[in-house]
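**Student:** coords please:
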Amino acid sequence: MKTVNSLSGGKTSSYIAANYPADYNIFSLVRTNDKNCMFPDAKVRQMVSDRLGTEFIGTLEEDMIIYTMLDLEQFIGSKIDWVTGKTFDDVILRNGKKYLPNVTQRFCTTEMKLQPLFNWWRNEINEVVEMRIGFRANEGNRAKTMLSKVNENGYSTFKTIVGKRKTQNKWGDIEWQKPRFPLIEDNIYKDKVEKYWKDKNVRFAYMNNCVGCFHRNEILLKLMSDKHPSKFQWFINAEQETGSNVRTFKNGVSYDKIKDSLKQIELFDDDFNDCDSGYCGL
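**Tutor:** Residues are numbered from 1 along each chain as shown. Below you'll find the predicted structure:
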């Protein structure tokens, strides 16, 4: 069975890439068409476009994650395959109207993370692989949740079009990966990951995943609005342009309100941990 390291751009999955060599390393990037979020370095922007095989204007993740993946590839001395799906702008646009994902409708993760990974797997490998996931030793519950969704063979499946039934698509579940959690197996905690990267020549973003990920708590989102105002404004604009459809990413509060709230509180990076950072994994 071939092995694949699923990379998010964070220190933990990067630790797996550096310490658990695999047949493939794969990274899925969230893109946007919004030129207000344009990646500032034109040369690197073209480099990313070439790797993805489609135009890269900018990302709604932190820009630093681009340098993380470029640095990491040099550090591990192995190729990292970059993939991407539809832009976030296109994902929320359906029949001319905007619909927003939320905690109960996580179609953004499916369309911008899982679908590109699955498409790459189908074109590149097309047989069940061992997929290494970056859960640490204290994240056993996350691993159990993922394993609870595997089939009787222990494989994760992906629902996709498998044929035609007259004029309609025929859908089915394809077995594609067997999850494995090497850091849980080897009892690796955050302190060891942090220590490993302390003197290494790899730049990391403050947090991976989208700047405005709705899994994050409101205080952290406020901090991200201060750190990345143009990217956070994308999420505010998306809410304001939904009309009568799903109007907010988080139930009961708008991102505009989050941005303008808590101004009296001085926020520090150390106030947050990985539990606040979102769950855009496999």
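**Student:** okay, and for the stretch 151-282 of the chain, where does confidence drop off?
**Tutor:** Counting by pLDDT under 70, the stretch 151-282 of the chain shows low-confidence ranges at 243-246, 262-282.
**Student:** mind redoing it with 80?
**Tutor:** Applying pLDDT under 80 to the stretch 151-282 of the chain flags the ranges 165-167, 243-247, 262-282.
**Student:** from residue 179, how far out is the residue of the chain most remote from its centre?
**Tutor:** Going by CA atoms, centre = their mean, the residue of the chain most distant from its centre is residue 166, 36.1 Å out. Remark: distance between residue 166 and residue 179 (CB to CB, to the nearest Å) = 36 Å. Bear in mind the C-beta positions are built from the backbone N, C-alpha and C, glycine included.
**Student:** just the strands in the chain please.
**Tutor:** 3-7, 24-29, 81-84, 93-94, 97-98, 129-132, 156-165, 168-180 (DSSP state E).
**Student:** got TSV for those, with distance to residue 66 too?
**Tutor:** Putting the strands of the chain into TSV (distance: least, CB to CB, whole Å) gives the following:
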stretch	distance to residue 66
strand 3-7	13
strand 24-29	8
strand 81-84	10
strand 93-94	25
strand 97-98	27
strand 129-132	22
strand 156-165	27
strand 168-180	26
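**Student:** how about these in JSON lines, adding distance to residue 207 and mean neighbour count?
**Tutor:** Shown next, in JSON lines, are these (distance: least, CB to CB, whole Å; neighbours: other CB atoms under 10 Å):
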{"stretch": "strand 3-7", "distance to residue 207": "15", "mean neighbour count": "23"}
{"stretch": "strand 24-29", "distance to residue 207": "15", "mean neighbour count": "23"}
{"stretch": "strand 81-84", "distance to residue 207": "20", "mean neighbour count": "21"}
{"stretch": "strand 93-94", "distance to residue 207": "26", "mean neighbour count": "13"}
{"stretch": "strand 97-98", "distance to residue 207": "25", "mean neighbour count": "16"}
{"stretch": "strand 129-132", "distance to residue 207": "21", "mean neighbour count": "22"}
{"stretch": "strand 156-165", "distance to residue 207": "25", "mean neighbour count": "12"}
{"stretch": "strand 168-180", "distance to residue 207": "23", "mean neighbour count": "15"}
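**Student:** between those, which one is nearest to residue 65?
**Tutor:** Residue 65 lies closest to strand 24-29 among the strands of the chain, at 7.8 Å (CB to CB).
**Student:** list the contacts for residue 15?
**Tutor:** Counting by CB atoms under 8 Å, 6 or more residues apart in numbering, residue 15 touches 134, 183, 188, 193, 196, 197.
**Student:** quick check on these: which are buried?
**Tutor:** 134, 183, 188, 193, 197 (16 or more other CB atoms under 10 Å).
**Student:** excluding chain neighbours, what is closest to residue 73?
**Tutor:** Using CB to CB, 6 or more residues apart in numbering and skipping residues adjacent in sequence, the residue nearest residue 73 is residue 80, 4.7 Å away.
**Student:** got the phi/psi numbers for the one you found?
**Tutor:** phi -110, psi 120 (degrees, to the nearest 10).
**Student:** distance check, it against residue 51.
**Tutor:** Going from residue 80 to residue 51 by CB to CB gives 9 Å.
**Student:** same check, this time on residue 211
**Tutor:** Distance from residue 211 to residue 51, counting by CB to CB: 22 Å.
**Student:** how about residue 32?
**Tutor:** Counting by CB to CB, the gap from residue 32 to residue 51 is 17 Å.
**Student:** neighbour count winner among the two?
**Tutor:** Neighbours were counted for residue 32 and for residue 51 using other CB atoms under 10 Å; residue 32 has more, 22 against 19.
**Student:** surely the more buried one is in contact with residue 56?
**Tutor:** No: Residue 32 is not in contact with residue 56 according to CB atoms under 8 Å; the separation is 9.7 Å.
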